[in-house]
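Asker: Kindly generate the corresponding structure for this input.
(2 chains)
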Amino acid sequence: MSERYNPAAIETKWQTVWEEQGIDKTQMDEGKPKWYALTMLPYPSGDLHTGHWYAYTPSDAAARFKRMHGYNVFFPIGFDAFGLPAENAAIKRGAHPAQWTWANIARMRTQLRRMGAMWAWDSEAVSADPEYYKWSQWFFRKFYDAGIAYREYAPVDWCPTCNTTLAREQVWGDDRHCERCGTPVIKKNLEQWKFRITNYADELLDDMAQIDWPERVKGDADQWIGRSIGAEVTFHTEQGDPLVIFTTRPDTLWGATFMVLAPEHALVDSVTTVEYRSAVAAYKAQAARMDEIERGAADKEKTGVFTGGFARNPVNGEMIPIWIADYVMMGYGTGAIMAVPAHDERDFAFATKYQLPIRRVITGPDGATGPLAEAYAGKEDGAMINSGPFDGTPVEGAVTKVIQWLEEKNLGVGAVNYRLRDWLISRQRMWGAPIPIIYCPTCGVVPVPYEELPVLLPDDAEFRPTGESPLKYHEGFRYVKCPTCGGDAERETDTMDTFMCSSWYQYADVSLYWKKGEPLKADDLPWDKEKGDYWLPVDQYTGGIEHATMHLLYTRFFTKALRDLGVVNFDEPMQRLFNQGMILGPDGEKMSKSRGNVINPDEFVDRYGADTVRGYLMFIGPWDMGGPWDMNAIEGVHRFLHRVWGVVTDDPQMTNPTLDPNITPVWNQAIRSLLLMMAPIFPHISEELWHVEGNTSSVHLQRWPEADLEKAQEDEVVVVVQVNGKVRDKLTVAPGTDATVLRKQALALENVTRWMAGKQVQRDCGA
RNA sequence: GGGUCGGUGGCGGAAUGGCAGACGCAGCGGACUUAAAAUCCGCCGAGGCAACUCUUGUGGGUUCGAAUCCCACCCGACCUACCA
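Answerer: Just a heads-up that it's a prediction; the model follows:
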């Protein structure tokens, strides 16, 4: 008789012991293969929710499993700690965002420890720590030196009343008004810092073939990068200005009946005639208030206005009208298109609405040449018509032929376009890593010297209700001497996008806060080389699907840029990626406070212990699927642990009364294997029972049990006999029984003879 | 419109060409108990007295044999979308 299973007591006990004995401390034993397992670092929101538990439990179980299989496992944790919520909290409470952030981190650490995961706590990276963002700034500086970082005017949402830039989530409603004062937001061009991620577009696309990532993520990234192949063709306005358009269908050039410019296009004013000036100006003003996302709403009816101007189509000399419309984006291609309504859905809709001509230049798959009821955009079937020298050319392959012809005639060139834009990293916010740049009236843009990093965030920042970054008001931060000429200069007051800081935490983890307190140099290696060579790259990365495009694309870009700078020697930061599914509320809906279906994991840990919660989450179903939280099913896992406890501690209620003393060693061996195999999922109870069994070293440092296949060999096997695919009888025979013997025996079976009556064997499985 | 994943008992799910429904939940019966909880044992897709028959979203196909492979369709979830 012994004590009942009491998870609360044993879990706290073992967490303390493990920490004291340092059993989860990362080793670098060269004799063992390494395994770098990483989960996306959490944002310190202040509470560990079901999603965190579901992300970390299987990651931890897998890491433990690998360790028991003889790997050196590195399994770090940390916090992606910059971001807007801290600033909002600061404005609300008048406290510094650092205070809120670090308090939340402290709270989440306690919650995380309750999970009993094998995290390498001594590698806990916090991106808001100056020793971390010192390196974020060092990377910025390297990118600046390499020409990867550059400054450009880019549109931001601007509130003219508050006199400040707004983040996307601060712009509300269909009319796009300011969150605080309700004033309609306008677009404003500000000089901002960007990274040339587009230089890597092809590589980011093509290298996906060499990484083991879910198709979904690859598909999303593929679409996000959006490579399309076509041609740039130069039209000329009446005024003689070249007007370049991008098209993927140069084979339809002869069907262009009008042109459309983005409202922001540079030639709009010069092509607009006097009588259309006011209409054009009004349309431009309206378009300026919407961002591209809104303009891109697919179901929105197309609008536009005629400019009064015309341009000449280079392939046939026709003068066609120029319109402006917000369905053409300034940020894609050249911001101008030729409109071929007969063979493009959008152009068709626009032409129909504004009664513009539609000219067919591709026959239907059946050779049809008549008027169209809808656009025909097929690229495989049909032939070119009304297209001068190309009449009769089959559509398939026509694009290449026309591009060649355009190039020969000097009318256009083959071109590739991407949806992907350069990465805008400037944020007009305080709680981020300051961009290490100084503006000097004499020397211009001057990067902060490497030795002077980090540029520290002031700890006495004052949050005013204007919403503008406190860095702008902070004189000590803002006004500096120019590092080059020593004259009066100003610091950049924008901070970096938090995605910048999360793009390299897999490297930060390797040797945390490397060169702490030391001045940096341009040719530093940002982590301990020996450790980096051993651990990098990440073997298994896990996290939510919501990062399919932004974070994952950025971190891949970051690694490729570092490779070009000679810092790393591989192309991809994470070899394998796995996305966990989502745990829904008991009602099968996404958990939300408004629905009142939020499950607080702490309550279940209090009631059943962490091992039960871990086990429940592990067995809920396939990890990438998730599913609803089942209030009852968790009981089953808890019962299982109680039974295991009873069996091992000889609870009379559980003890098998028929157990023969002769098989005690076998029984003990079975218990031993059971505990070893439970260890990755149920780390605490297996450790406790492992010690109850008389072991003194940790169960987690043992090797996974190996099966002796010879001993597991069956003396007899059941062979199922099917007639016409239906099970009719069974044979019990010795393993390895010869096929001809089996066949003979099978045919002799009573059930089989009955079903075979009057029939011959046509074919059999041929075993 | 494009992409990805999925559809199997009352429920979560197993089985990836060879005994469909492992395991768990719920349910039913029994043991223990004054009683209940807990625990333990048994039953648990549908029909049929039985032999058997039917059953993996629907319809076809391949195969000795299909939840699994192929074709067409229906339904659902998530992501994405005026990208020229």
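
Asker: Name the SS class of the residue of the stretch 351-500 of chain A at minimum distance from RNA strand B, please.
Answerer: Closest contact between the stretch 351-500 of chain A and RNA strand B, by Cβ to the nearest atom of the strand, is at residue A:419 (3.9 Å). Yep, even glycine has a C-beta here, placed from its N, CA and C like the rest. Three-state assignment for residue A:419 (DSSP: H, G, I helix; E, B strand; the rest coil): coil.

Asker: can you give me phi and psi for the closest residue to it other than its chain neighbours?
Answerer: Excluding the flanking residues, the one nearest residue A:419 by Cβ to Cβ, 6 or more residues apart in numbering is residue A:226, at 2.9 Å. Phi and psi for residue A:226, reported as degrees, to the nearest 10, are phi 50, psi 60.

Asker: May I have the residues that are in contact with residue A:226?
Answerer: Going by Cβ atoms under 8 Å, 6 or more residues apart in numbering, residue A:226 touches A:418, A:419, A:420.

Asker: Show the pLDDT at it.
Answerer: Here the pLDDT value assigned to residue A:226 is 91.

Asker: count of neighbours near the residue in the stretch 651-767 of chain A positioned nearest to RNA strand B?
Answerer: Nearest residue of the stretch 651-767 of chain A to RNA strand B: residue A:725, at 2.6 Å (Cβ to the nearest atom of the strand). The number of residues packed near residue A:725 is 5, by other Cβ atoms under 10 Å.

Asker: one step back: write the PyMOL selection for whichever of the contacts of residue A:226 are buried.
Answerer: Only the buried entries of the contacts of residue A:226 go into this PyMOL selection, using 16 or more other Cβ atoms under 10 Å:
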select buried, chain A and resi 418+420
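
Asker: Please look at residue A:238 and residue A:311 and confirm they touch.
Answerer: Yes: Residue A:238 lies in contact with residue A:311 (Cβ atoms under 8 Å); the separation is 7.1 Å.

Asker: any shared contact partners between those two?
Answerer: Shared contacts of residue A:238 and residue A:311, counting by Cβ under 8 Å, 6+ apart, come down to A:271, A:319.

Asker: For the stretch 501-650 of chain A, which segments are assigned as strands?
Answerer: Using DSSP state E, counting those that start in this stretch, the strands of the stretch 501-650 of chain A run over A:538-543, A:574-579, A:582-584, A:626-628.

Asker: Adding mean pLDDT, mean neighbour count and distance to residue A:220, write those strands out as JSON lines.
Answerer: Shown next, in JSON lines, are the strands of the stretch 501-650 of chain A (pLDDT from 0 to 100; neighbours: other Cβ atoms under 10 Å; distance: least, Cβ to Cβ, whole Å):
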{"stretch": "strand A:538-543", "mean pLDDT": "95", "mean neighbour count": "22", "distance to residue A:220": "14"}
{"stretch": "strand A:574-579", "mean pLDDT": "94", "mean neighbour count": "19", "distance to residue A:220": "11"}
{"stretch": "strand A:582-584", "mean pLDDT": "90", "mean neighbour count": "19", "distance to residue A:220": "16"}
{"stretch": "strand A:626-628", "mean pLDDT": "88", "mean neighbour count": "17", "distance to residue A:220": "18"}
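
Asker: Reformat the ones you listed as JSON lines; add distance to RNA strand B.
Answerer: As requested, the strands of the stretch 501-650 of chain A are exported to JSON lines (distance: least, Cβ to the nearest atom of the strand, whole Å):
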{"stretch": "strand A:538-543", "distance to RNA strand B": "14"}
{"stretch": "strand A:574-579", "distance to RNA strand B": "10"}
{"stretch": "strand A:582-584", "distance to RNA strand B": "8"}
{"stretch": "strand A:626-628", "distance to RNA strand B": "4"}
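
Asker: Many thanks, we can stop here.
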